[in-house]
Each structure stands twice: as C-alpha cells, then as structure tokens.
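Asker: Got a sequence here, can you build the structure:
(chains A, B, C and D)
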Protein chains: 2
Amino acid sequence: MKTDTVFKRAYNDALDMVARMPEGAALPSENALSAEIGVSRTTVRKVIASLKAGGIVAGRGRERTVHSSSHDMQRFPRSETIAMAAQVEERFMEWMLRDNARPGTAINELDLARKFGVATTGIREFLNRFQRFGLIEKRPNAGWVFKGFTTSFALELFEIREMFEVRSARALAAMPPEAPCWHQLEALRREHMELLEHIEARYHDFSDLDSRFHRLISQTTPNRFIDSFYDIITVIFHFHYQWNKHDERQRNEVAIREHLTYAEALFSRDVAMVELACRAHLSSAKETLLRSTSGH
Amino acid sequence: MKTDTVFKRAYNDALDMVARMPEGAALPSENALSAEIGVSRTTVRKVIASLKAGGIVAGRGRERTVHSSSHDMQRFPRSETIAMAAQVEERFMEWMLRDNARPGTAINELDLARKFGVATTGIREFLNRFQRFGLIEKRPNAGWVFKGFTTSFALELFEIREMFEVRSARALAAMPPEAPCWHQLEALRREHMELLEHIEARYHDFSDLDSRFHRLISQTTPNRFIDSFYDIITVIFHFHYQWNKHDERQRNEVAIREHLTYAEALFSRDVAMVELACRAHLSSAKETLLRSTSGH
DNA sequence: AAATTGTTTTTTATCGATTAAAATGCAGTT
DNA sequence: AACTGCATTTTAATCGATAAAAAACAATTT
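Answerer: Numbering: from 1, shown residues only, chains lettered A, B, ... in the order given. Modelled structure (predicted):
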C-alpha cells in the first residue's frame, strides 16, 4: 500500500512552523498551509486533525489557535518521512560509493529488495530510472550489471560536463547587461565571499552553493537535456561528498576561489577569459572526483 | 505473470531456421541453438519440445532430425512475440506522434494501462524509463505531464546533437589511417551508393542506414552519455519516420547525398571540411524534424 | 575430457489488489 | 469572497504472488 510519508513530512513541517509562532496565535487558513507546506488541502486537514489530537492546536473552523510550548511535540523520525523511492536511491548510492562495489557485480533485484526492505517492484523502478546515470546496464531477462564507479566513468562524465558548461558560460557572457542573471550571479558571488570568510566553520555548505552556481550558469539558456544531465552531476557529487570527506575543507576553499575567478570572468564578458576560468575549474573538479574512482 | 513472448519469438526463429535445412538433417545441439537464436538453453528446450509435438522435429537426445516440408508450420503472430514493455513503448509513441497529443496533457497511469491492456506497473516502468527523452515530466504524487513534441523540443535536441556529433566527427577525422573505423566507414559509403542507385524502390531502407552511419561516427570515441543520447535520437527518428511519410523519398535522397559528402570530408581528414559537412547535414535533418513539430 | 542432455534452483517480468494522497465538488459559514 | 466541512472520486505508490527465462548443477554419451 501507499505509505503515509507525505503526511508525516507535512506534519513535521507544520510542527516547525508552529514552533516559530507565538503562543495563542491564529493558525493560517488551510489553503495557505497547503501552499506553504506543499501538499494538498486533504493532507493539511489530516495534519491539523493530528495537531489538535496532540493538543498543539485548539479550536475549530476559523478559530484555530496554536499552543506549541505547552507540549513536547513529538516529531516523526526522519526515516518515516522519506518515500520508498528516495530511500532506495539513498541506500543504493551508499552501497555503490561507500561499500565500493566492484565493477561487473551482478545486481539482484530480490536481494536488494530484501536488503532495503521494499518490494521488488520498487527496486525495478529505481534501477530503470537510475539507468541513465551510466553506472548500471540492463541485460533483458537476465538482470542488471553494475559497471562501476570507475575512472572512465568520471572521464566520460566530465567530457560532457565541459562541453555543456563552456556552451552555457559563453551564452551567459553574451547576455545583455540588464538581464536578471547578472543580479543572481552577483548575489551568488556575495554568498561565496561570505562563505570564504567563515570557511573554517561552514565549509560543508559549499556543496549546495556549488550546485546552485552551476545551475544558474546553465539555466540562463535552458535546454532540457543539459538540465537533465545536471541532475546526474548533482546526485553524483552529493553522494560522493557525503562519503568522501578527505581534505574537504581545502578542496572546497580552492573551489570557492575558482568560482570567484570564474564569476569575475563572466562579469568581464570576455569570452576567452570565461572559457579559461571555466575549464580551469572543471579540471580541478575532475581531479577531485578521479581521486576516488576505482581504476579503468 | 511473465508472458512467454521470448519463447514465441524463439519458436518462430527456429521455424525459419529449420525451413532452410534439408529434410532429415540433424538438429544442431541445444547450446548451438541457444547461441544462434539468442535465448537460454531452457527456452531452446521448450522450443524443441514444441517442434517435436508439431511433428517438425523427430527423435530424442542427440538424435534429433528435421522434417520441415511435411508440415504447415504455423507461426506465432508478431504481436505475441513482443514483450509487454516494448509494446507499451510502441503504443505510447503512436499516441504521442500520430494522434498528436497536445502539450500539457496529463498522463494517467490507469487510463493508459487500460488503453494498452497492461497492468499499471508496466506503465509506470515505461514512464520512468521514458522520462529521459525529455517529452514527459513527473510531478510527485500527482502524475505525469506530456510536454509535447514541440519546436523547442526539436531545437534543444538538435543543439545537443550538433555538439556531440561535431565532437565525434573531429575525433574520427583524427584517427590514424590504420584504424578499423576507416574500413567500416568505407563499407557504409558503399551501402549508401548502392541505396542511391536503387532509391526509387528502396528508399525506406535509409532510416536504418542513417542510424548506423551516425552511430559509427560517435562510437569511434565512445562516451556512455553520448551513446545514450543516440538512443533518444534513434527512437525519435524511428517513430517520426514511421508516421510522417511526407516527401520521404526526396528527403532520404538528399540525406544520402549529404552523408556521402560528409564521408568524403572525413576521408580527407580535413577538420574544417568535416565540420562544415557535418553541420550542413544536421541542419537539414533539423529542418525535417521541425516541420512536423507543433509550435513552441 | 569435452560436449551434450537432463534436472533443479534462482531470478526476472508481469499481474492484480490495496491503501494513501490528491482532486473535485458543493453546501454552509463568516 | 474566501474559508471550512464533508463526502466522493480519481489517481499514485506500494505490496506480494506466480509463470517464464536464465543459470547452475548433475548425469550421460561419444
């Protein structure tokens, strides 16, 4: 059956929201909550009913008030708020990157299903979606093969990434000065500088900033195939960083400085400089990734 | 439950094979048949059992002989030899391209399942795989949206295609003269010339040749992401040509000539000429596709 | 001993059912 | 006019079961 992870996540979000409100404040309307939390009104009503049952919300109809401080506000554990599909992704990436699965390993649906505690259909669905990441391959009627998080994977990934990024960076540099992208870029530049100032404490935050920086560049001239390729990059990097903490602070500091140079080049709108800065950054990112791949 | 389409296709293939053998000849070994037909020995044994039941094969163990001419050899209809997943793909492409579905149309899993006569899981699986083609989009917990076979789809597709193809063509032109790709290219060039000579009768055969030509170019310097993008191209063109017969002969003739120029350029190993011929061909292919898209 | 057939085990493809979430619709309320 | 209450309908996420196909193993024959 369908799990109620959506409800549980919505409930947790509502709790966070309520905690930020003063004692006795009026609860926003159902429609407002629905928009805020990002679920249907049906689910919002279920959440409100729960909050009321827990004594966190009182009153009914238009007269609902918040009484947060008086209760302990038990949240649902994080694991229960994640849809099966997302859990499978997480566990699979972990198996692949952390346990360093060997290239050529056969992937067994039933086996994974048991290991991850889901039905085989869930695994199949995941594998089918995951196929496009280029890390697994299907042999019809005979299962999947893990091709390995190898050197050639990283090289092929970066060959494409470089083509796409140079194309986007060039297009961005050619945008008229009044285009909104320049403001966004400036804002990101500031965020980079701030992060650099507090790098000792906040170097973990770079991963997210990195992804936003590159997405801004590519989304100025949108192309669905490029966007979809960035999904691959994002996921690979997300999990890669999660399990490879080696030299993280230094790596990130270097990358921030490269981003700043890259941004400067973009502001200068000098295509040759842009290309140079872009390739320089990508090549150091490539080196980082290469260091954690396994031969071939 | 699993359908026996693999068995039925194998059975048909075996019939074709047997028909080519002389009366009373010995049947090849199970392993040989398995390799020849491309299915497991388990399935081969089932096929042999069926052939025996139909009187087409006699004897047992190592002493099996063929008696083809004496029987009518009923084949399974084509539709029963195609796996559910492949049928769904075919029917979906048909719905999309021939019935010219509107951009923004909501895709309903249960609805499609009923229309195509399969279980919803099959539809889900297909949609998940098909996602990467950039023609549909998922909204979690709320189904899929068909984005439309639009002008912008074709433009974005060809922007990437051009980047990839120029990259591959350049790399091919730089291959040493003794590389095997030159022989393959020469063979393909011959096939093109032959096809051109009999263009009136055989213009339908171009679609396959086209796909092989471009795959040869890209596979000389393999990159899994580029290969996977070619799958998209192949599928789109396959179905597009199947439902858009307008000017087919002329279009194909033009394309053949462009391929020949392109091949000449490659043989000359002059990078500038290669790039020119490549871009010229792609731009006319783009025009063709654009003509059958629907606004935006 | 190499190749071949016979038998058993493992794994995939596919179905159908079940439940949660979302959408819809409408009447009543402030 | 926007909101709630409530019932109903539609749709997506997930499970578990089963036949087909593949793979592994064992027994035979040349």
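Asker: Name the nearest residue to residue A:270, sequence neighbours excluded.
Answerer: Excluding the flanking residues, the one nearest residue A:270 by CB to CB, 6 or more residues apart in numbering or on different chains is residue A:173, at 7.5 Å. All C-beta atoms are positioned from the backbone trio N, CA, C, and that covers glycine.
Asker: Pretty sure that neighbour sits against residue A:277.
Answerer: No: taking contacts as CB atoms under 8 Å, residue A:173 lies outside contact range of residue A:277: 10.5 Å.
Asker: Following the chain past the longest helix along chain A, name the next helix or strand.
Answerer: Under DSSP state H, the helix in chain A containing the largest number of residues is helix A:151-173. Per DSSP states H and E, the first helix or strand lying C-terminal to helix A:151-173 is helix A:180-197.
Asker: what is the rounded mean pLDDT of the very next helix or strand once past that following helix?
Answerer: Note on helix A:180-197: by DSSP H and E, the next helix or strand toward the C-terminus is helix A:199-202. Confidence for helix A:199-202, expressed as mean pLDDT, is 94.
Asker: buried set for helix A:199-202?
Answerer: residue A:199 (16 or more other CB atoms under 10 Å in any protein chain shown).
Asker: other SSEs contacting the helix or strand just after that helix?
Answerer: Downstream of helix A:199-202, the next assigned helix or strand under DSSP H and E is helix A:206-219. Helices and strands touching helix A:206-219, by 3 or more CB pairs under 8 Å, 6 or more residues apart in numbering or on different chains; DSSP states H and E, are helix A:151-173, helix A:180-197, helix A:224-243, helix A:248-268.
Asker: the inter-axis angle of the first one versus helix A:248-268?
Answerer: Here helix A:151-173 points in a direction 30 degrees away from that of helix A:248-268 (axes from the mean of the first three to the mean of the last three CA atoms, to 10 degrees).
Asker: Report all helices and strands that helix A:151-173 contacts.
Answerer: helix A:206-219, helix A:224-243, helix A:248-268, helix A:271-290, helix B:151-173, helix B:224-243.
Asker: what pLDDT, on average, does that helix get?
Answerer: Across helix A:151-173, pLDDT averages out at 97.
Asker: likewise the last one?
Answerer: Averaging pLDDT along helix A:248-268 gives 96.
Asker: quick revisit: to residue A:115, which of the helices and strands packed on helix A:151-173 lies closest?
Answerer: Relative to residue A:115, the nearest member of the helices and strands packed on helix A:151-173 by CB to CB is helix A:224-243, separated by 17.5 Å.
Asker: What are the buried residues along that closest one?
Answerer: Buried-residue list, helix A:224-243, by 16+ other CB under 10 Å: A:224-226, A:229-230, A:232-234, A:236-237, A:239-241.
Asker: buried set for the longest helix of chain A?
Answerer: Buried, per 16+ other CB under 10 Å, within helix A:151-173: A:152-154, A:156-169, A:172-173.
Asker: And residue A:146, how far from residue B:74?
Answerer: As judged by CB to CB, to the nearest Å, residue A:146 and residue B:74 stand 43 Å apart.
Asker: So those two - more neighbours on which side?
Answerer: Shown here are residue A:146 and residue B:74; by other CB atoms under 10 Å in any protein chain shown, residue A:146 has more neighbours (18 against 9).
Asker: Around chain B, pick out the residues from the stretch 151-296 of chain A.
Answerer: Within the stretch 151-296 of chain A, the positions near chain B by CB under 8 Å from any CB of the partner chain are A:153, A:156-157, A:159-160, A:163-164, A:167, A:223-226, A:228-229.
Asker: just so I have it, where are all the strands in the stretch 1-150 of chain A?
Answerer: All strands of the stretch 1-150 of chain A, identified by DSSP state E, counting those that start in this stretch, fall at A:57-58, A:65-66, A:106-107, A:136-138, A:144-146.
Asker: Can you tell me the strand partners of the last one and which way each runs?
Answerer: Strand pairing for strand A:144-146, using DSSP bridges, gives strand A:106-107 (antiparallel), strand A:136-138 (antiparallel).
Asker: Could you save those as JSON lines and add columns showing mean pLDDT and mean neighbour count?
Answerer: JSON lines is the format used below for these (pLDDT from 0 to 100; neighbours: other CB atoms under 10 Å in any protein chain shown):
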{"stretch": "strand A:106-107", "mean pLDDT": "94", "mean neighbour count": "15"}
{"stretch": "strand A:136-138", "mean pLDDT": "96", "mean neighbour count": "15"}
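Asker: Among the ones you listed, which comes closest to DNA strand D?
Answerer: strand A:106-107 (8.0 Å; CB to the nearest atom of the strand).
Asker: what ranges of chain A fall below the confidence cut-off?
Answerer: A:69-71 (pLDDT under 70).
Asker: Walk me through the domains of it.
Answerer: Structurally, chain A divides into domains by automatic domain parsing as follows: A:5-79, A:83-146, A:151-290.
Asker: Just put those in TSV and tack on distance to DNA strand C.
Answerer: Formatted as TSV, these follow (distance: least, CB to the nearest atom of the strand, whole Å):
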stretch	distance to DNA strand C
domain A:5-79	3
domain A:83-146	3
domain A:151-290	22
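Asker: Which residue is the nearest non-sequential neighbour of residue A:113?
Answerer: Excluding its sequence neighbours, the residue lying closest to residue A:113 (CB to CB, 6+ apart) is residue A:120, at 4.5 Å.
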